[in-house]
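Q: Sequence and computational prediction follow.
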Amino acid sequence: MDHPLVKLAGEISWDKIEAEFSGLFSEQGRPSVAIRKIAGMLLLKDMFKESDESVIERWIENAYWQYFTGEAFSDRTALPFILIIIQYYGSYTRSYRLYEH
């Protein structure tokens, strides 16, 4: 695919991001939303200057955004949890630039 987000997704070291953030998640309780999905949504929010709510709305409607976050198909069951995570961790990512290699 020749879409810019598909190209960017291939250039990002998702494994490195997962290794960096995996320590922030507990092994107990409810299984976490995938780190790539969280990081991808935060990147999309920052790159396209979206609000917490609008990034979710655009993600639902845009297959390229879903692909960028690692989705093979639309999984809407995790969206409420993603919104909470984006709101909570958004301030953290402003000081840690995920897309700088």
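A: Sure thing, it's come through.
Q: ok, then the element right after the helix or strand where Gly10 lies?
A: In this assignment (DSSP states H and E), Gly10 forms part of helix 4-11. Sequence-wise, the next helix or strand beyond helix 4-11 is helix 14-21, with elements assigned using DSSP H and E.
Q: CA atoms only for that following helix - export them in PDB, please.
A: Extracted as PDB, the C-alpha positions of helix 14-21 are listed here (Å, rounded to 0.1, in the frame of the first residue of the first chain):
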ATOM      1  CA  TRP A  14       6.900  -0.700  17.400                       C
ATOM      2  CA  ASP A  15       8.900  -3.400  19.300                       C
ATOM      3  CA  LYS A  16      11.100  -0.600  20.800                       C
ATOM      4  CA  ILE A  17       8.100   1.400  21.900                       C
ATOM      5  CA  GLU A  18       6.500  -1.800  23.400                       C
ATOM      6  CA  ALA A  19       9.700  -2.500  25.300                       C
ATOM      7  CA  GLU A  20       9.900   1.100  26.600                       C
ATOM      8  CA  PHE A  21       6.300   1.200  27.800                       C
END
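Q: Just want the most central residue of this protein.
A: Gly40 (2.4 Å; C-alpha atoms, centre = their mean).
Q: pLDDT below threshold where in this protein?
A: 73-101 (pLDDT under 70).
Q: about what we covered before: can you mark which positions in the helix holding Gly10 are buried?
A: Using 16 or more other C-beta atoms under 10 Å as the burial criterion, the residues of helix 4-11 that qualify are Leu5, Ala9. Backbone N, C-alpha and C define where each C-beta goes, glycine included.
Q: And that helix, what does it pack against?
A: helix 63-68 (3 or more C-beta pairs under 8 Å, 6 or more residues apart in numbering; DSSP states H and E).
Q: The helix it packs on packs against which elements?
A: In terms of contacts (3+ C-beta pairs under 8 Å, 6+ apart), helix 63-68 is packed against helix 4-11, helix 35-47, helix 52-61.
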